[in-house]
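Visitor: Give me the fold of what follows.
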Amino acid sequence: MRTVSNVVNDFPQVSPATRATVQAVIDELGYRPNLVARRLRTGRTGVIGLLIPRLAEHYFAELADAVVTAARHRGRSLVIDQTDGRRAGELSPLDLATRDQLWDGAIVSPLSVTGDDLERHASTPLVVLGEHGASFDLAWVGTDNIDAARDATNYLISLGHRRIAVIGDQRGPGGETGAMRTKGYRAAMRAAGLRVRRDWVVAPSGYDRAEGAAAARRLMAASSPPDAVFCYNDELAFGVLYALHALGLRVPDDVAVLGWDDLRDAQYAVPALSSVSVSRDAVATAAVELLLAQLESGASSREHLVIPHEIAARASTAGAQSDKHPLAKGS
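Guide: As a prediction, this is how the structure comes out:
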């Protein structure tokens, strides 16, 4: 019985072979632990919180799906709360969960809170996602946005593009994502000896398809339109593809389009959208493991984990030869 309890509660002192055998029997019997009893015995709920800005955004919906899967594989349940990117929305669930012990810990994708805000919840294990939290002295999982944007721009340059515009620049608190990606873009253009026109760096009011389409129409109406557009998320890029088609421009012959996030819809766009890819499964697994390590050790973590990026090259940049380009994903 002790061995079964160790497996159910994911204690480390069980051999892989024994764990697999016990888990197979648990699965066959359809056993589920009583969370109330577990909480009374261990002081833990078996529940993880996930705080994200907006579920309506495809990226966060796909990220939430990946975290649910990663948590389930470790025998944890997930509670998801939408913060709308507001400071109150990001802090209120943490205040409630800390007071009432609703979760064992939380994974947070913040846009407005500060590191000091989250330090108030030092008693609750936390893992922070995204660029806004990269400077916090807390456990963090993310990617190197400057390096990834530099690689993305160099990819377009390698295809022969010289007039490269970007859509998604941001400034101020909460705008770290766009600012870092613009920094990487400018670094690549500068290293290649290419000019960056002021009107080629577009700061939209949102990261949705309508903003992408509006930005594309403005760029194409300029006296010196770009021959490639690098969008800081796929939603913007889908809008750009729509606008270019309406203008009668061919992609990638007249204008190449590159997105970021590698959403599931990207491969079904017309033409299929090339995109900077950072595995959401890898982000989710790393975040869950980093959180559970804190729970198991009883100590907070300050570890920062950087998830690698790739270029998922498709027809919107490299045409029919997308899978043969040396920077294509998997090459």
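Visitor: Only C-alpha atoms from now on, for both contacts and neighbour counts.
Guide: Will do.
Visitor: mind saving the C-alpha coords of whatever helix or strand Leu258 lives in as PDB?
Guide: For Leu258, the host element (DSSP states H and E) is strand 256-260. Only the C-alpha atoms of strand 256-260 are listed here, as PDB (Å, rounded to 0.1, in the frame of the first residue of the first chain):
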ATOM      1  CA  ALA A 256       7.400  37.500 -48.200                       C
ATOM      2  CA  VAL A 257       5.600  37.200 -44.900                       C
ATOM      3  CA  LEU A 258       7.000  35.700 -41.700                       C
ATOM      4  CA  GLY A 259       5.100  35.200 -38.400                       C
ATOM      5  CA  TRP A 260       5.900  34.200 -34.800                       C
END
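Visitor: who does the helix or strand just after it touch, helix- and strand-wise?
Guide: The C-terminal neighbour of strand 256-260 among helices and strands, as given by DSSP H and E, is strand 274-277. Using 3 or more C-alpha pairs under 8 Å, 6 or more residues apart in numbering; DSSP states H and E as the contact criterion, the neighbours of strand 274-277 among helices and strands are strand 256-260, strand 310-312, helix 315-318.
Visitor: which residues are contacting the first one?
Guide: Around strand 256-260, the neighbours that count as contacts under C-alpha atoms under 8 Å, 6 or more residues apart in numbering are 227-237, 240-241, 251, 273-277, 316-318.
Visitor: could you flag which of those are buried?
Guide: Buried members of the contacts of strand 256-260, scored by 16 or more other C-alpha atoms under 10 Å, are 227-237, 240-241, 251, 273-277, 316-318.
Visitor: Nearest to Ile164, out of the helices and strands packed on strand 274-277?
Guide: When those are compared by C-alpha to C-alpha, strand 256-260 sits nearest Ile164, at 9.1 Å.
Visitor: What residues sit buried inside that closest one?
Guide: Within strand 256-260, the residues scored as buried using 16+ other C-alpha under 10 Å are Ala256, Val257, Leu258, Gly259, Trp260.
Visitor: Could you save those as JSON lines and add columns showing pLDDT and distance to Ser77?
Guide: As requested, the buried residues of strand 256-260 are arranged in JSON lines below (pLDDT from 0 to 100; distance: C-alpha to C-alpha, whole Å):
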{"residue": "Ala256", "pLDDT": "98", "distance to Ser77": "42"}
{"residue": "Val257", "pLDDT": "98", "distance to Ser77": "39"}
{"residue": "Leu258", "pLDDT": "98", "distance to Ser77": "36"}
{"residue": "Gly259", "pLDDT": "98", "distance to Ser77": "32"}
{"residue": "Trp260", "pLDDT": "98", "distance to Ser77": "29"}
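Visitor: and the residues you listed as CSV, adding distance to Thr114?
Guide: Rendered in CSV, the data for these read as follows (distance: C-alpha to C-alpha, whole Å):
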residue, distance to Thr114
Ala256, 38
Val257, 35
Leu258, 32
Gly259, 29
Trp260, 26
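Visitor: ranges for the strands of the protein?
Guide: 47-52, 77-82, 105-108, 126-129, 140-142, 164-167, 201-202, 228-231, 256-260, 274-277, 304-306, 310-312 (DSSP state E).
Visitor: Redo those as TSV? Include distance to Leu91.
Guide: TSV is the format used below for the strands of the chain (distance: least, C-alpha to C-alpha, whole Å):
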stretch	distance to Leu91
strand 47-52	10
strand 77-82	11
strand 105-108	10
strand 126-129	13
strand 140-142	17
strand 164-167	30
strand 201-202	31
strand 228-231	31
strand 256-260	28
strand 274-277	30
strand 304-306	22
strand 310-312	33
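Visitor: looking at those, which is closest to Glu296?
Guide: Relative to Glu296, the nearest member of those by C-alpha to C-alpha is strand 105-108, separated by 11.5 Å.
Visitor: burial count for Ala222?
Guide: Look at Ala222: counted by other C-alpha atoms under 10 Å, it has 11 neighbours.
Visitor: how many neighbours does the closest residue to Ile307 other than its chain neighbours have?
Guide: Across the structure, with C-alpha to C-alpha, 6 or more residues apart in numbering as the measure, the residue nearest Ile307 apart from its sequence neighbours is Thr143 (5.0 Å). A count of nearby residues for Thr143, using other C-alpha under 10 Å, gives 21.
Visitor: Which pLDDT value goes with Thr143?
Guide: Per-residue pLDDT puts Thr143 at 96.
Visitor: neighbours of Thr98, just the number please.
Guide: When neighbours are defined as other C-alpha under 10 Å, Thr98 has 17 of them.
Visitor: Test my guess that it contacts Thr124.
Guide: Yes. With the criterion set as C-alpha atoms under 8 Å, Thr98 and Thr124 qualify as a contacting pair; they are 6.6 Å apart.
Visitor: if we can go back for a sec, so what's the residue nearest to Ile307 up against?
Guide: Under the criterion of C-alpha under 8 Å, 6+ apart, the neighbours of Thr143 are Gly130, Val278, Val306, Ile307, Pro308, His309.
Visitor: okay but the fourth one is in contact with Asn145, surely?
Guide: No. The criterion here is C-alpha under 8 Å, and Ile307 misses it with Asn145 at 10.3 Å.
Visitor: Can you list the low-confidence ranges for this structure?
Guide: Counting by pLDDT under 70, the chain contains low-confidence ranges at 1-14, 19, 22-23, 25-44, 319-331.
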